[in-house]
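K.L.:
compute the structure for the input listed below.
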Amino acid sequence: MKFKNHVLLLIILVALFQSVTQAQSKKDKYIIVGYIGVHGWTGKDIKAGQMTHMIYAFAHLIQTGVLAPASVKDSTNLLTLDSVRTANPGMKVLISVGGWGGCRYFSDASLTDSSRARFINSALAFITKFKLDGIDIDWEYPGQIGANNIFRPVDKENFTLLMRDFRKALDKQDAADHHGKYLLTAATGVDTVYMSHTDITGMQQYVDFINLMTYDIYNGNDHVTGHQSPLYQSAVGKQERVSTAEAIENYMAEGVPAEKIVMGLPFYCRGWTDVNNADEGLYQPSAGHHVSFSYDSLATAYINKNGYEYHWDKKAKVPYLWNSELRTFITYNDERAFKYKVQYMKKHHLGGVMFWEYSLDIKNQVLLNKVDELVGN
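P.N.:
As a prediction, the model looks like this:
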């Protein structure tokens, strides 16, 4: 009898251990979202096993309010991604709509019940044609002109209605074709102007996760240098923009669950020329022009090369380069910066990380390899 009781106890303990282990495994599974396509990817050399989601950027919302591939090449690439996914079970492939320069007709398409239905029906046809797992809405930006967009004050509420109607339509399509789960995601801004023009609280209830564009915080429109993607605020200069951590905190304050927040990581740099020669160019005025290029190019010709000295901002947890002779300042993220960001992501139980954009680190895939290692799914 005692033996049977011991066996029963052992079975119960094993079952409990397996339950806890499975729960912990599920809890610790973070997503790695890679945007891909816009910079001329040719359908080769994808390390798909290092990503849980690939989002192809971009399809275009055209003047008639329907979705269409940007080019014939995009159609070919989407078919290639389908084959890549087949070889990597569990990975999801989505299409992103919009992006900087691709949002002119979003306000029109989201304006009425009928215009939203037209857009959504065309998107469903697009998704099923290319055997995709969902759609990412990258509206840059509701209620703002962006890259010469049509915009209206009602964009704020209409963005939420658009996401509501998308959720209903995707769920209905799920039931019809037994896909399993069509994903709806959003790529969103993080500055205070974006937050004031968007109903984050209302919109977030309809999406599976939100890709926070926690980069371009300082960008090509600025005539003062700054970190484009700091984790925390720097001790240098007057802080007029949010940090990555502050942006995430702001989204949580709007009611977005931590597990729906995906932290954005840049695979490229931003830079300024003719910069005031103080504080190694950090938060200094620039009378020159703006530059931006891939991490591949940065590693090849700039980091501690050709007069560009590496500096580390201890408080912001990001690097930067300063060329005192050329008076050129470059802001970027590297493997060291990603270590602190992934640590933050895990500490705050976020959904995971995403990066912009795959082909910018494609030569040696240093950054992607590091992200994969750090996330450690």
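K.L.:
what's the local residue count around residue 287?
P.N.:
By other CB atoms under 10 Å, 11 other residues sit near residue 287. The C-beta positions use only the backbone N, C-alpha and C, and glycine is treated the same way.
K.L.:
isn't it up against residue 277?
P.N.:
No - applying CB atoms under 8 Å, one finds residue 287 not in contact with residue 277, separated by 11.8 Å.
K.L.:
so where's the stretch 1-150 of the chain uncertain?
P.N.:
Residues of the stretch 1-150 of the chain that meet the criterion pLDDT under 70 lie in 1-28, 38-45.
K.L.:
rerun at 50
P.N.:
By pLDDT under 50, the low-scoring segments of the stretch 1-150 of the chain are 2-3, 7-27.
K.L.:
touching stretch 67-87 from outside, list them.
P.N.:
Residues from elsewhere that reach stretch 67-87 (CB atoms under 8 Å, 6 or more residues apart in numbering): 36-37, 41, 43, 46, 48, 54, 56, 58-62, 91-93, 95, 97, 119, 122-123, 125-126, 130-133.
K.L.:
report all helices and strands that whichever strand or helix holds residue 339 contacts.
P.N.:
Assessed by DSSP states H and E, residue 339 sits inside helix 335-347. Packing partners of helix 335-347 (3 or more CB pairs under 8 Å, 6 or more residues apart in numbering; DSSP states H and E): helix 244-253, strand 261-266, strand 318-323, strand 352-356, helix 366-375.
K.L.:
closest one to residue 176 among those?
P.N.:
Shortest separation from residue 176 across the helices and strands packed on helix 335-347 is recorded for strand 261-266, at 28.2 Å, computed as CB to CB.
K.L.:
what's the angle between that closest one and strand 318-323?
P.N.:
Interaxial angle, strand 261-266 versus strand 318-323 (axes from the mean of the first three to the mean of the last three CA atoms, to 10 degrees): 20 degrees.
K.L.:
show me what whatever helix or strand comes next after strand 261-266 is packed up against.
P.N.:
Per DSSP H and E, the first helix or strand lying C-terminal to strand 261-266 is strand 268-272. Here strand 268-272 touches strand 290-294, helix 295-301, strand 328-331, going by 3+ CB pairs under 8 Å, 6+ apart.
K.L.:
contacting residues for residue 203?
P.N.:
Neighbour list for residue 203: 159-160, 163, 186 [criterion: CB under 8 Å, 6+ apart].
K.L.:
residues near the closest residue in space to residue 145 that isn't next to it in sequence, how many?
P.N.:
Leaving aside its chain neighbours, residue 145 sits nearest to residue 151 (5.7 Å; criterion: CB to CB, 6 or more residues apart in numbering). Using other CB under 10 Å, residue 151 has 18 neighbouring residues.
K.L.:
relative to residue 108, how far out is residue 151?
P.N.:
10 Å (CB to CB, to the nearest Å).
K.L.:
now the helices and strands packed on helix 335-347 as TSV including mean neighbour count and mean pLDDT?
P.N.:
Formatted as TSV, those follow (neighbours: other CB atoms under 10 Å; pLDDT from 0 to 100):
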stretch	mean neighbour count	mean pLDDT
helix 244-253	19	98
strand 261-266	25	98
strand 318-323	23	98
strand 352-356	25	98
helix 366-375	19	96
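K.L.:
out of the ones you listed, flag the one nearest residue 298.
P.N.:
Nearest to residue 298 among those is strand 318-323 (8.1 Å), distances taken as CB to CB.
K.L.:
could you say what helices and strands the closest one packs with?
P.N.:
Applying 3+ CB pairs under 8 Å, 6+ apart, we find strand 318-323 packed against strand 309-313, strand 328-331, helix 335-347.
K.L.:
now do 10 Å
P.N.:
On a contact count with 3 or more CB pairs under 10 Å, 6 or more residues apart in numbering; DSSP states H and E, strand 318-323 meets strand 268-272, strand 309-313, strand 328-331, helix 335-347.
K.L.:
can you list contacts of the longest one?
P.N.:
Read that as helix 335-347. 28, 30, 214, 227, 229-232, 244-245, 248, 258, 261-266, 312-313, 316-319, 333, 350-353, 355, 366-367, 369-371, 373-376 (CB atoms under 10 Å, 6 or more residues apart in numbering).
K.L.:
which residue ranges of this protein form helices?
P.N.:
For the chain, the helices defined by DSSP state H occupy 2-27, 72-86, 106-109, 113-129, 155-177, 192-196, 200-204, 244-253, 295-301, 335-347, 366-375.
K.L.:
turn those into JSON lines, columns for distance to residue 360.
P.N.:
Below are those laid out as JSON lines (distance: least, CB to CB, whole Å):
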{"stretch": "helix 2-27", "distance to residue 360": "31"}
{"stretch": "helix 72-86", "distance to residue 360": "16"}
{"stretch": "helix 106-109", "distance to residue 360": "25"}
{"stretch": "helix 113-129", "distance to residue 360": "26"}
{"stretch": "helix 155-177", "distance to residue 360": "28"}
{"stretch": "helix 192-196", "distance to residue 360": "23"}
{"stretch": "helix 200-204", "distance to residue 360": "28"}
{"stretch": "helix 244-253", "distance to residue 360": "19"}
{"stretch": "helix 295-301", "distance to residue 360": "6"}
{"stretch": "helix 335-347", "distance to residue 360": "14"}
{"stretch": "helix 366-375", "distance to residue 360": "8"}
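K.L.:
ranking the ones you listed by burial, who's on top?
P.N.:
When the helices of the chain are scored by mean count of other CB atoms under 10 Å, the highest mean neighbour count falls to helix 106-109 (a mean of 23).
K.L.:
alpha carbons of that helix, as PDB, please.
P.N.:
Below are the C-alpha coordinates for helix 106-109, written out as PDB (Å, rounded to 0.1, in the frame of the first residue of the first chain):
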ATOM      1  CA  PHE A 106      -5.400  55.900 -45.300                       C
ATOM      2  CA  SER A 107      -7.600  58.800 -44.100                       C
ATOM      3  CA  ASP A 108     -10.000  58.300 -47.100                       C
ATOM      4  CA  ALA A 109     -10.000  54.500 -46.700                       C
END
